[in-house]
Structures are given as C-alpha cells and as structure tokens.
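Q: sharing a model that was predicted from the sequence below.
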Amino acid sequence: MSEVLHIEADLLDDGSFMNDRQREYFRKKLLAWKSEILRESRETLAALANDNSNLADLADRASSETDRAIELRARDRQRKLISKIDAALERIDDGSYGYCEETGEPISLKRLDARPIATMSLEAQERHERREKVYRDE
C-alpha cells in the first residue's frame with residue numbers, strides 16, 4: 001500500500017482537509033522532484049559544455065544542433081516546472097495547498113499525488129481545458 005493511501009485514510013480525521021502529516025508528505029515529494037530536476041539540469045549543462053560541436057560533416061553538425069535545441073527547450077520547460085513546484089511549496093506554507101484555485105474545494109489526494117503542483121480539482125481542470133479547446137477551435 002502506497003504512502004498516499006495511508007495519508008488518504010487520515011483524511012478528515014480531525015475535521016480538516018489536510019493534516020500536518022499530509023502536508024509534510026507533499027513537501028518532501030515536491031522537494032525531491034525539484035532536486036531531481038536540478039540534478040538533471042546540471043548534468044545537461046555539463047554535457048553541453050563538454051560537447052565538441054566542430055563536426056566536419058554538415059549533416060552531423062545539423063543533427064547535433066537540433067539535439068542541443070531540443071535539450072535546451074526541455075530544460076526551459078523544467079525551469080518553468082521548478083517555479084510551479086516553488087509556488088506549490090509556498091501554498092503548503094500558507095495553508096492554501098490542495099484547494100482548487102477556481103472553486104475553493106479540496107483537490108483529491110490521489111490527484112495531488114499524481115500531480116503535486118495541481119492548482120485545480122479534476123473537474124475544474126476539465127472545464128478549463130474544454131473552454132480552451134472551444135477558444136482554439138474558433
């Protein structure tokens with residue numbers, strides 16, 4: 001049985017949505033995720049710094065540049081992810097973590113375990129995505 005199921009069993013035992021043990025579980029999960037992203041970023045930067053791009057063949061050089069561009073875009077997405085992780089950690093500190101920013105209702109612990117940076121309940125997220133799709137299709 002995973003730790004989140006044990007945590008979910010504790011849900012509302014004291015009349016509140018998220019207890020100290022649950023908050024600490026998510027804090028550790030977010031910090032571990034952030035640490036992993038930062039480690040991967042350091043490895044990528046070291047690899048890019050050591051990469052000798054003086055390839056004679058134009059096709060090899062183009063392939064190498066494409067690989068570098070893809071890697072840099074991935075790192076940029078991860079940089080944005082770190083800011084979302086930091087925002088989630090701030091919400092844990094201020095007591096608003098786990099509550100939907102749209103409805104104010106609690107976000108399910110299973111959703112938070114799968115996506116600890118979630119800011120909306122599954123239902124609110126689905127409504128949001130449907131609205132986005134409608135605007136994109138117009």
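A: Looks like it came in fine.
Q: give the residue farthest from the middle of the protein.
A: Checked against the mean C-alpha position of the chain, the extreme residue using Cα atoms, centre = their mean is residue 56, at a distance of 39.8 Å.
Q: surely it is within a helix?
A: No. The secondary structure assignment for residue 56 gives coil rather than a helix, going by DSSP: H, G, I helix; E, B strand; the rest coil.
Q: any low-confidence regions in this structure?
A: Along the chain, the parts satisfying pLDDT under 70 run over 1-16, 51-55, 136-138.
Q: please repeat the previous calculation with a cut-off of 80.
A: Within the chain, the stretches falling below the threshold (pLDDT under 80) are 1-17, 45-62, 64-65, 67-68, 133-138.
Q: could you pull out the strands for it?
A: Along the chain, counting by DSSP state E, no stretch forms strands.
Q: and the closest residue to residue 102 other than its chain neighbours, what does it touch?
A: Setting aside the residues directly before and after it, residue 102 is nearest to residue 124 in space (Cβ to Cβ, 6 or more residues apart in numbering), at 4.3 Å. C-beta coordinates here come from the backbone N, C-alpha and C atoms, glycine included. By Cβ atoms under 8 Å, 6 or more residues apart in numbering, the contact list for residue 124 reads 100, 102-103.
Q: and residue 23, by the same measure?
A: Applying Cβ under 8 Å, 6+ apart as the definition, the contact partners of residue 23 turn out to be 92, 97.
Q: let's have the contacts of residue 124 in CSV, adding neighbour count and distance to residue 78.
A: Converted to CSV, the contacts of residue 124 look like this (neighbours: other Cβ atoms under 10 Å; distance: Cβ to Cβ, whole Å):
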residue, neighbour count, distance to residue 78
100, 18, 25
102, 14, 26
103, 13, 29
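Q: what about residue 104, distance to residue 112?
A: Going from residue 104 to residue 112 by Cβ to Cβ, to the nearest Å gives 16 Å.
Q: nice, that's everything, thank you.
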